[in-house]
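Q: let's see this in three dimensions:
(chains A and B)
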Amino acid sequence: MSLSVARRTVTTPILLGLLLVAFALLALVVGSKPFNQTIIDIFLKVIFVVGLWVFIGNSGVISFGHTAFACLGGYIAAWTTIKPMLKGTAMPGLPDWLMGMEIPFWASAVLAAGWAALWALIFGAVLMRLSGIAASIATFAMLAMVNSIYSNWESVTAATSSVVGIPIVRSIWPYLIAALIAVFAAWAYGISRHGLALRAARDEPTAAAASGIDIPRARLIAFVISGAIMGMGGALYAHSIGIVTPDTFYLGLAFITLSMLVVGGMGSLSGAVLGVLILSSLIQILRWLEAGIEIGTTTFALPGGVQEIALGAVMILILMFRPAGIMGNRDLSLPRGAASDSQGQTGPKT
Amino acid sequence: MKRLIAALAATTCLTAPALADDEKIVVGFATAETGFMQAYDKPAQDAAMIRIAEINAAGGLLGKQIEVVNADTKTDRAEGAKAGLSVIDAGADMVVVSCDYDFGSPAALAAESAGLPSFFLCAESIKAGIQGVGPNSFSASVLAAVQGATMAEWAYTKKEARTFYRLLDTWTEYNKGICDGFDWMLPRLADATLAGEDTFLNEDASIAAQITRIKALPEEPDAIMLCTMMPGAVSAIKQIRAAGINSMILNGSGVDGSYWLSAVPDLSNFFVPVQGSIYGDDPNPEVTAFNAKYKEATGGDPSTQYVYPGYVMIDVWAKAVERAGTVETSAVVAELEKMTGEPTLFGPRTFTSEIHHQNQARYLIVETNAGKPGVVDEWTISEAIPVADLMK
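A: As a prediction, the model looks like this:
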């Protein structure tokens, strides 16, 4: 049964993966450094939003706090990859074994995923008993808490100062691979019995509980997996610009990732990925227009700041006409009848 | 989606990188054109543009005209890295980055890894340079610690202040830097004592508790070293004066400007170190001439002294390029590092292979008396602050 579900739905991650590969190839073809960095940024957002989707999409509980896991991951990159000498001056309070550690960036990403998952397990064990708005507020409190600790623990996180010296990775492939891992992991979780149980609990909590689903446990599993994906993303984010500060991983990132998920459609993995790709592309196009584009002899440029306003307006319009997001509950798949109803979801077909 | 990608590709082609050519020298500004950092970056950048226009009018640099390319950091770190890469792709020979270390460093790191020199517009942390970016990075301003040290030594020598009270707003590195400099200087002043110390946060609506502790001292201290910045500074100063504490208040350059003085009417006994005077009374008439030029170019007078580092930056860099006879990074950096007491409009500048920042500089002292600020003195600390003390 599960194999056939896998076969029936695997087209979704494959199509999404191909889309990501297409973006990577586009960067390769264009060959400009800032464009390359833009695509890296998009891949990072894909990782974050897919991480969010694993929990929010399947459980129906809006989490404002997942950026905290990205923060945990980002600082793992700082703790494990900066040269020991630099670490000594910026973060003198680190234990000796961590002080001497210098591992490659991919290992720091793996470690970051594990570290974030550990904390997701600890926080989740408490928070997952809550439902609805109470759970959302509690996740927000978690974000504020992590941010406060990281902004004030001077000897270990250098407080609000930027931590520099993280090796910068400007190649696009590690980010592509990480985004693909996130997409496939999210898909695999979605079709697993835990994912199915959690979605059942989302749609009919009473019936699900009566059928023997331990709802807090089902939520906890999703929370840990999504925490791990966010942690990995946080570490890679640190490697993409070479510095971390606690406020990088605070409200700004939390709200942009959440709005990408909402606009794309929280109900499906495709919504998460397409939300990022569409909004990021839109942001990028608006930025180019802000910077000015020469058409013939005249330069056409939007006034600075229009990008943020236009983005807000477009998001409102999308949600006006498609309240469930661009994808609603549907996933990308090849046009083949039954296959479009992937992941056992019963979204309206339009 | 296909159409989207096509549109993406099309837009990219339109902004394809300009190829570097030998007929011009390119300065890339990866600075904030939007967001809150714009308020800091724009004035300094305008000043830099004035110096560039002057050089171009005088025949250019090495006989070539200086061209400028811009990229907006949006006051965002990730965008900052992109902005840095954009100006590098556009052929920048030197990269100018945002005023603040936190927001400027992603672009500076991009320049560093491309082997290009970078200048922070007005960062005042030791990290904005070799220590936090790499061997090709510089800052155009003066370390915050020098401001604290200058005020302490000047008040001790010229105002015979002996008892000091240290009030630190722990919000930013800049604030801590001012107090670090004060801490370094104080033990060097014979029989100067610290009457007490306290901290607050910029966003604190009330510092009544801190003021009560100052009032509880057996004697009012001669001077209060106030390490803070806008916007919280105004409220702190107002509260100190309202409580009837009339000690002289010593500050960093961050509170320069007259735009906020109406909030604390008739403020007196208030001292700020500045690199140049915006009040039209700079001892160097060329500074006043520059202010006029700035007004002509931007339509307004400089609002604070943070305009000036932008001018200094282009000035010292252009001199280094002229001396090196090339824009090649290692040659330019070597020439910059040879500068010892290099005269500029805003005081002498020194760079060494150990520090690309000013750990000793001439400051003008601005006193606000009955709500009117004006230059009363100038001071250079007797000894440069050692790098080791700045790094702690």
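
Q: ok, B:Ser139 touching B:Ala128?
A: Yes - at 4.2 Å, B:Ser139 and B:Ala128 qualify as touching, with contact defined as CB atoms under 8 Å. C-beta: built from backbone N, CA, C; applies to glycine.

Q: tell me where the stretch 101-250 of chain B has helices.
A: Counting by DSSP state H, counting those that start in this stretch, the stretch 101-250 of chain B has helices at residues B:101-113, B:144-158, B:173-185, B:208-215, B:232-242.

Q: how about the helices in the stretch 101-250 of chain A?
A: A:105-127, A:132-152, A:154-157, A:173-191, A:193-203, A:205-210, A:215-241.

Q: would you reformat the ones you listed as JSON lines and include distance to chain B?
A: Rendered in JSON lines, the data for the helices of the stretch 101-250 of chain A read as follows (distance: least, CB to the nearest CB, whole Å):
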{"stretch": "helix A:105-127", "distance to chain B": "15"}
{"stretch": "helix A:132-152", "distance to chain B": "10"}
{"stretch": "helix A:154-157", "distance to chain B": "10"}
{"stretch": "helix A:173-191", "distance to chain B": "13"}
{"stretch": "helix A:193-203", "distance to chain B": "26"}
{"stretch": "helix A:205-210", "distance to chain B": "36"}
{"stretch": "helix A:215-241", "distance to chain B": "4"}
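
Q: so which of the ones you listed comes closest to B:Asp191?
A: In terms of CB to CB, the element of the helices of the stretch 101-250 of chain A nearest to B:Asp191 is helix A:154-157, at 32.8 Å.

Q: buried sites along the closest one?
A: Taking 16 or more other CB atoms under 10 Å in any protein chain shown as the basis for neighbour counts, the residues of helix A:154-157 that come out buried are A:156-157.

Q: other SSEs contacting it?
A: Using 3 or more CB pairs under 8 Å, 6 or more residues apart in numbering or on different chains; DSSP states H and E as the contact test, the elements touching helix A:154-157 are helix A:132-152.

Q: tell me how many other residues crowd A:Ser270.
A: Look at A:Ser270: counted by other CB atoms under 10 Å in any protein chain shown, it has 27 neighbours.

Q: and the helix or strand where it lies, how far out from the chain middle?
A: When elements are assigned from DSSP states H and E, A:Ser270 belongs to helix A:269-291. Counting by CA atoms, centre = their mean, to the nearest Å, helix A:269-291 is centred 15 Å from the centre of its parent chain.

Q: what mean pLDDT does the next helix or strand after it have?
A: Following helix A:269-291 in sequence order, the next helix or strand is strand A:293-295 (DSSP H and E). On average, the pLDDT along strand A:293-295 is 76.

Q: wait, does strand A:293-295 contact chain B?
A: Yes - remark: strand A:293-295 sits within contact range of chain B at A:293-294, by CB under 8 Å from any CB of the partner chain.

Q: can you list the strands that that strand pairs with?
A: Here strand A:293-295 is paired, per DSSP bridges, with strand A:298-300 (antiparallel).

Q: quick one: contacts of the partner strand?
A: Contacts with strand A:298-300, where a contact means CB atoms under 8 Å, 6 or more residues apart in numbering or on different chains, come from A:289, A:292-294.

Q: for B:Ile240, which non-adjacent residue is spatially closest?
A: Counting by CB to CB, 6 or more residues apart in numbering or on different chains, B:Ile240 lies nearest to B:Ile211, which is 6.4 Å off, once chain neighbours are set aside.

Q: residue contacts, the one you found?
A: B:Ile211 makes contact with B:239-240, B:243, B:245, according to CB under 8 Å, 6+ apart.

Q: and if you look at A:Leu286?
A: A:Leu286 makes contacts with A:302, A:306-307, A:310-311, as judged by CB under 8 Å, 6+ apart.

Q: what of A:Leu277?
A: Residues touching A:Leu277, when contacts are defined by CB under 8 Å, 6+ apart, comprise A:19, A:23, A:42, A:46, B:1.

Q: are we agreed that the third one is in a helix?
A: Yes - the assignment for A:Ile42 by DSSP: H, G, I helix; E, B strand; the rest coil puts it in a helix.

Q: so for it, what's the pLDDT?
A: In this prediction A:Ile42 is given a pLDDT of 96.

Q: thought it was touching A:Ile278?
A: No - taking CB under 8 Å as the definition, A:Ile42 is not a contact partner of A:Ile278, at 10.5 Å.

Q: more neighbours, the two?
A: Here A:Ile42 and A:Ile278 are set side by side on neighbour count (other CB under 10 Å), and the busier one is A:Ile42, at 23 against 18.

Q: rewinding a little: pick the most buried one from the helices of the stretch 101-250 of chain A.
A: Between these, helix A:215-241 has the highest mean count of neighbours, a mean of 27, where neighbours are mean count of other CB atoms under 10 Å in any protein chain shown.

Q: sort out which of the contacts of B:Ile211 are buried, if you could.
A: By the neighbour-count criterion of 16+ other CB under 10 Å, those include these buried positions: B:239-240, B:245.

Q: and which of these is nearest chain A?
A: Closest approach to chain A among those (CB to the nearest CB): B:Gln239, at 24.5 Å.

Q: show me what contacts the closest one?
A: Residues in contact with B:Gln239, defined by CB under 8 Å, 6+ apart, are B:206-208, B:211.

Q: with A:Leu198 instead?
A: Neighbouring residues of A:Leu198 by CB under 8 Å, 6+ apart: A:58-59, A:218-219, A:221-222.

Q: which phi and psi does the residue nearest to B:Phe200 when sequence neighbours are not counted have?
A: Once flanking residues are discounted, B:Phe200 sits nearest to B:Ile207: 4.9 Å by CB to CB, 6+ apart. Geometry field for B:Ile207 lists phi and psi as phi -120, psi 30, criterion degrees, to the nearest 10.

Q: tally of neighbours for B:Ile207?
A: 24.

Q: hmm, it is touching B:Thr199, no?
A: No - with contacts counted by CB under 8 Å, B:Ile207 stays clear of B:Thr199, the gap being 9.9 Å.

Q: distance check, the nearest residue to A:Leu127 once chain neighbours are set aside against B:Thr193.
A: On the basis of CB to CB, 6+ apart, the spatially nearest residue to A:Leu127 that is not a chain neighbour turns out to be A:Ala138, at 4.9 Å. Using CB to CB, to the nearest Å, one obtains 50 Å as the distance from A:Ala138 to B:Thr193.

Q: before we move on, what about B:Val321?
A: B:Val321 is 49 Å from B:Thr193, where distance means CB to CB.

Q: who's more crowded, these two?
A: Applying other CB under 10 Å to B:Val321 and B:Thr193 shows that B:Val321 carries more neighbours, namely 25 against 12.

Q: which SS class is that one?
A: State at B:Val321, reduced to three classes by three-state DSSP: helix.

Q: contacts only, for it.
A: B:25, B:61-62, B:327, B:332, B:335.

Q: so the residue nearest the centre of chain A is in which element?
A: Central residue check for chain A by CA atoms, centre = their mean: the C-alpha nearest the mean position is that of A:Phe48, 0.8 Å away. Assignment of secondary structure by DSSP H and E places A:Phe48 within helix A:33-59.

Q: what packs against that helix?
A: helix A:11-30, helix A:67-81, helix A:173-191, helix A:193-203, helix A:215-241, helix A:251-264, helix A:269-291, helix B:77-89.

Q: okay, the angle between the shortest one and helix A:215-241?
A: I take that to be helix A:193-203. With axes from the mean of the first three to the mean of the last three CA atoms, to 10 degrees defining the directions, helix A:193-203 sits at 110 degrees from helix A:215-241.

Q: same check, this time on the last one
A: Taking the same axes, to 10 degrees, one finds that helix B:77-89 is oriented at 30 degrees with respect to helix A:215-241.
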